[in-house]
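Engineer: only geometry, no sequence info:
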């Protein structure tokens, strides 16, 4: 198993957590560890939040993409009100979009953090 790093920044006033994912996910064990790290964090803040993830340094290998998607889908249902991702790296966007398509969940992937934040605000607006 490779080292998995997830960096967090919580904007409590706007109920948004900003994540930076650094991982090369190749096995089910890698997926499980990635999800465990996220779940631990979400349990500490003890409420549903909006999430914005920087995925420039996240790689999910195609043979594990469906399992990854299933686990992410469950985590989102438990802890997240709205989730968007962004990457300035084109290959990172394509790779994650494919993983989400395999899992049949909306990808919501943008080119910049600003576009991702705008999408979160739109999601919030639809809920009110």
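Structural biologist: In hand now; what should we look at? The model shown is predicted, which means the values in this text are computed figures rather than measured ones. Numbering: from 1, shown residues only.

Engineer: which residues of the chain fall in helices?
Structural biologist: For the chain, the helices defined by DSSP state H occupy 28-45, 65-79, 90-103, 113-127.

Engineer: Contact partners for the residue positioned nearest the centre of the chain?
Structural biologist: By CA atoms, centre = their mean, the chain has its centre lying nearest to residue 53, at 5.1 Å. Residues near residue 53 by CB atoms under 8 Å, 6 or more residues apart in numbering: 18, 19, 20, 21, 83, 84, 85, 86. (C-beta placed from N, C-alpha, C; glycine too.)

Engineer: closest to residue 68 among those?
Structural biologist: Nearest to residue 68 out of these is residue 21 (CB to CB; 11.6 Å).

Engineer: Leaving out chain neighbours, which residue sits closest to that closest one?
Structural biologist: Once flanking residues are discounted, residue 21 sits nearest to residue 58: 4.1 Å by CB to CB, 6 or more residues apart in numbering.

Engineer: go on, residue 115?
Structural biologist: Computed as CB to CB, 6+ apart, the closest residue to residue 115 that is not its neighbour in sequence is residue 86, at 6.5 Å.

Engineer: pull the helix or strand with minimum mean pLDDT from this protein.
Structural biologist: helix 90-103 (a mean of 81; mean pLDDT, DSSP states H and E).

Engineer: and that one, what does it pack onto?
Structural biologist: Other elements packing on helix 90-103 under the criterion 3 or more CB pairs under 8 Å, 6 or more residues apart in numbering; DSSP states H and E are strand 49-60, helix 65-79, strand 109-110.

Engineer: Enumerate the positions of it that are buried.
Structural biologist: 92, 93, 95, 96, 99, 100, 102, 103 (16 or more other CB atoms under 10 Å).

Engineer: just stretch 80-90 next, same as before
Structural biologist: Using 16+ other CB under 10 Å as the test for burial, stretch 80-90 gives 80, 81, 82, 83, 84, 85, 86, 87.

Engineer: any idea how far residue 115 is from residue 81?
Structural biologist: Distance, residue 81 to residue 115, using CB to CB, to the nearest Å: 19 Å.
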